[in-house]
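A.B. asks: Sequence and predicted structure below; questions after.
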Amino acid sequence: MDELDDAIITELRKDSRTPFLQIARQLKVSEGTIRKRVSRLSADSIIRRFTIETIHDTAAIVGIETDSHMLTKGIAKSLKELGIDDIFEVTGRFDIICKLTGENMEDINDLLESIRQTNGVVHTETFTVLKED
């Protein structure tokens, strides 16, 4: 998978019924390129269903406490740049809650290490997802 495949999956996650032509225009490639890529992603079982379900078999929820002297919005933006899609600024014990997905626990751990190194992150608490309904 490359950046274009990731971008295609990102668009399909928003709405799996998005026409290939619309995705092609957004990503500045031909409609045929999108059609071939989606076909290959499906054949390789990277896209399993068009709800979109990808090969990410492992998930974790992470509560993040942030430095009160930094804008939470800026820290959330930094987390987004790490490739985390589900980020929520919340009230309560944590300032940010996010959902991590990966193919295995090593992927999750690598992402956690990146989160912990993010400027403004003071503390994290991780909850491994055992089952998702």
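C.D. replies: That came through, no problem. Residues are numbered from 1 along each chain as shown.

A.B. asks: for the nearest residue to Ile96 once chain neighbours are set aside, helix, strand, or coil?
C.D. replies: Nearest residue to Ile96, sequence neighbours excluded (CB to CB, 6 or more residues apart in numbering): Ile64, at 4.2 Å. (Glycine included, C-beta is placed from N, CA and C.) At Ile64 the chain is in strand, as set by DSSP: H, G, I helix; E, B strand; the rest coil.

A.B. asks: Counting neighbours, what do you get for Ile64?
C.D. replies: 26 (other CB atoms under 10 Å).

A.B. asks: show me where this structure has helices.
C.D. replies: If you assign secondary structure with DSSP state H, the helices in the chain sit at 3-14, 20-27, 31-43, 72-81, 105-116.

A.B. asks: which one of the ones you listed lies closest to Thr58?
C.D. replies: helix 105-116 (5.6 Å; CB to CB).

A.B. asks: wait, the residue nearest to Ile96 sits on Gly120?
C.D. replies: No - the pair Ile64 / Gly120 is not scored as a contact, 9.2 Å apart, by CB atoms under 8 Å.
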